[in-house]
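no sequence on this one, just coordinates:
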């Protein structure tokens, strides 16, 4: 099996060296850059499986880099910052990050987070349906392009948004708990805050409205969500 590829975007040389060392010891292939612009270029050419992204970069905000990555790349994004306030965490996750780690952290914790991402991808690939298109009312989800289309309009979804909407659509009319969603979409019910589901549901609702899809994601307070077609 080919080595998983990790891209580290971190301007603190000591932290970047620590991350590279522990990840290479865990048998991952690693590339490192200290600025956001070069990081985005490397993401396009290197095609990493996971991006470890510092929020405080010298040229471009790490949040802006995260947005660009989520719109153009299927890599998992682990955001790194010295801030641990809930609103900072939710902001990063809402922009497409898959997880968040705060400084200082141990090398073992970093490796465990990366391994968790790769396990999720493996499970997802094992379960992935052979059909590449799923009808959602009059709208269509197209797996190869991670798009949602309806009535001649098309919008791109992040990899995580696509998995989430596909799961909801397959269970059309059935209430799914947040725990069920975390287990299926994130493949994790312990390490991901349930609030993360709410953030991504809000993003999906905006994109459904953008293409005029006759689809509603209904909230059931304290329990979860249900997708209904109108």
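Structure received. Just so it is clear, the model here is predicted, and its values are computed rather than measured. Residues are numbered from 1 along each chain as shown.

Tell me how far the spatially most central residue of the chain lies from residue 161.
In the chain, the residue lying closest to the centroid (CA atoms, centre = their mean) is residue 98, at 3.9 Å. Distance of residue 98 to residue 161, given as CB to CB, to the nearest Å: 11 Å. C-beta here means a position set from N, CA and C on the backbone, and glycine is covered the same way.

isn't the residue nearest to the centre of the chain right up against residue 78?
Yes: look at residue 98 against residue 78 with CB atoms under 8 Å: they come within range, at 6.7 Å.

Quick check, pLDDT for the residue nearest to the centre of the chain.
We note a pLDDT of 79 for residue 98 in this prediction.

So for it, what's the nearest residue that isn't a sequence neighbour?
Counting by CB to CB, 6 or more residues apart in numbering, residue 76 is the residue found nearest to residue 98 once chain neighbours are left out, at 4.6 Å.

cool, residue 66 as well?
Beyond its immediate neighbours in the sequence, the residue positioned closest to residue 66 (CB to CB, 6+ apart) is residue 95, lying 4.7 Å away.

Now the one you found: phi and psi?
Torsion angles at residue 95 (phi, psi; degrees, to the nearest 10) stand at phi -90, psi 0.

can you tell me the helix or strand for residue 161?
Assigned by DSSP states H and E, residue 161 falls within helix 159-170.

The helix or strand following that helix packs against which elements?
Scanning forward in sequence from helix 159-170, with DSSP H and E defining helices and strands, the next element found is strand 176-177. In terms of contacts (3 or more CB pairs under 8 Å, 6 or more residues apart in numbering; DSSP states H and E), strand 176-177 is packed against strand 224-229.

now what about the strand it packs on, what contacts it?
Under the contact criterion CB atoms under 8 Å, 6 or more residues apart in numbering, strand 224-229 has outside partners 136-137, 168-169, 171-181, 197, 201, 214-220.

Which ChimeraX command selects the buried ones in those residues?
Typed into ChimeraX, the line below selects the buried ones among these, using 16 or more other CB atoms under 10 Å:
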select :136,137,168,169,171,176,178,180,181,197,201,215,217
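
now the residue nearest to the centre of the chain: how far from residue 73?
As for residue 98, its distance to residue 73 is 12 Å (criterion: CB to CB).

repeat for residue 137
Taken as CB to CB, the spacing of residue 137 relative to residue 73 amounts to 29 Å.

The residue nearest to residue 98 is in contact with residue 113, isn't it?
No: counting by CB under 8 Å, residue 76 sits too far from residue 113 to count as a contact (9.2 Å).

quick one: low-confidence parts of this structure?
When residues are selected by pLDDT under 70, those of the chain lie in 1, 83-90, 120, 123-131, 188-192.

Can you name the residues that contact the closest residue to residue 73 other than its chain neighbours?
Nearest-residue entry for residue 73: residue 43, 5.1 Å, with adjacent residues in sequence omitted and distances by CB to CB, 6+ apart. If you count contacts by CB under 8 Å, 6+ apart, residue 43 has them with 7, 51, 69, 72, 73, 75.
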